[in-house]
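Novice: need coordinates for the following:
(one chain, ligands or ions: 1)
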Amino acid sequence: MAPPSPTAASPAPRTPSGDLPPAAAPREGSPPVTTAPVLRVDGVDLVRDGSPILSEISLTVRSGEHWALLGPNGAGKSTLLGLLGALTHPTCGTVEVLGHRLGRVDLRELRSHVGHVDPRHPLRTPLKVRDVVLTGLTNTVERVPRWHPTPEQTAEADRLVDLLGLGHRREARWPTLSQGERGRALIARALMPRPRLLLLDEPATGLDVAGREQLVDRLDTLHRAHPELASVLVTHHLEELPPGTTHALLLREGRCLASGPVDEVLTDDRIGTCFDHPLRLTRLDGRWSVRTDRASGAGLSREAV
Ligand SMILES: Nc1ncnc2c1ncn2[C@@H]1O[C@H](COP(=O)(O)OP(=O)(O)OP(=O)(O)O)[C@@H](O)[C@H]1O
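Specialist: Down below sits the predicted model:
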């Protein structure tokens, strides 16, 4: 299958290093519409330095679904997200992203159609929020010299800035943003090319409770404003899941413990097994919280019980 070909409505900008093609500057035609699932992972293993990192992973994500990818430290969540974002190939098994099989397409090209939010965004210059968001069109960290957005693109950046609750910080510069504001700016940036898939790698890391709640609220607003968008959110913390989360996959030691509709997967037993600790979940107003199940002494140290 041919890789998706983004539509560039302005001269192709180059990255400062000149080695990356621009993401679809103005995605006028949007990514190619296919009837295939947004993501399809089938029997994937991934081996690094002779060690299995992922084993026998299968997953299908469809338009409008919002997946939580949960598991303890080292479970393989970020590695799996890298496969879903076309950052890396599986050792065996198949991964289809937006209907295109990894190994048969140009990964860089495919990546430009996936909104990937990495909280470790390596921006070094004091760009304004709006300009940070516009770099989502060129798929670059910095503004591309001599590339200028159209008025429509600037208006779209402003719409996304508003959608993520940053309208009052539009002119603020990156170094002055709080961590939560940066995170939301990066989500707006990832949405600029109008991706069908949004990948979020621990977006609430380091946020205080207000920042986390603002993020969750904005993700929920986003789900409603873009009902066709599919997302996969990696976290260790169930409190960070937006109420609109539809599905979950539990990873432990590189293997899938459970996967499917969120209410079937997020159970005391399954979460307890995943994190190897007796846990009790509660759900209130669509949000999850979790604490030690003290009725079950299993797995607790004497002091903890
Ligand atoms: N290039 C590599 N070579 C060898 N081992 C690797 C490599 N990359 C990752 N790993 C190992 O694979 C395992 C899974 O890593 P990964 O970062 O995907 O886990 P994670 O679930 O995202 O963890 P965390 O929650 O701590 O971020 C870890 O044990 C990690 O050390």
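Novice: before we move on, what's the pLDDT of Glu171?
Specialist: Glu171 is assigned 93 on the pLDDT scale.
Novice: identify the residue spatially nearest to it, adjacent ones excluded.
Specialist: Nearest residue to Glu171 in three dimensions, chain neighbours excluded: Lys128, at 5.6 Å (C-beta to C-beta, 6 or more residues apart in numbering). Just so you know, the C-beta spots here come from the backbone N, C-alpha and C atoms, and that holds for glycine as well.
Novice: so who does Gly85 touch?
Specialist: Val97, Arg111, Val114, His116, Leu199 (C-beta atoms under 8 Å, 6 or more residues apart in numbering).
Novice: how many neighbours does the first one have?
Specialist: By the other C-beta atoms under 10 Å criterion, the neighbourhood of Val97 contains 27 residues.
Novice: picking that back up, how close does the residue nearest to Glu171 get to the ligand?
Specialist: 31 Å (C-beta to the nearest ligand atom, to the nearest Å).
Novice: can you name the residue of the stretch 151-300 of the chain nearest the ligand?
Specialist: Going by C-beta to the nearest ligand atom, the ligand is nearest to His236 of the stretch 151-300 of the chain, at 5.8 Å.
Novice: let me see the contact set for that residue.
Specialist: Leu70, Gly71, Pro72, Asn73, Glu202.
Novice: the last one reaches Thr235, doesn't it?
Specialist: It stands for Glu202. Yes - the pair Glu202 and Thr235 passes the contact test of C-beta atoms under 8 Å, sitting 5.8 Å apart.
Novice: name the member of the contacts of His236 with the most neighbours.
Specialist: Ranking the contacts of His236 using other C-beta under 10 Å puts Leu70 first, with 28 neighbours.
Novice: residues contacting the residue lying closest to that residue once chain neighbours are set aside?
Specialist: Closest residue to Leu70 in three dimensions, ignoring its sequence neighbours and counting by C-beta to C-beta, 6+ apart: Leu250, at 5.4 Å. Leu250 sits next to Leu70, Gly71, Cys256, Leu257, Ala258, Ser259, Val265, Arg270, Ile271, Cys274 when contact means C-beta under 8 Å, 6+ apart.
Novice: parallel or antiparallel, which strands does the strand or helix carrying Leu250 pair with?
Specialist: Under DSSP states H and E, the secondary-structure element containing Leu250 is strand 247-252. The strands that strand 247-252 pairs with in its sheet are strand 66-70 (parallel), strand 255-261 (antiparallel) (by DSSP bridges).
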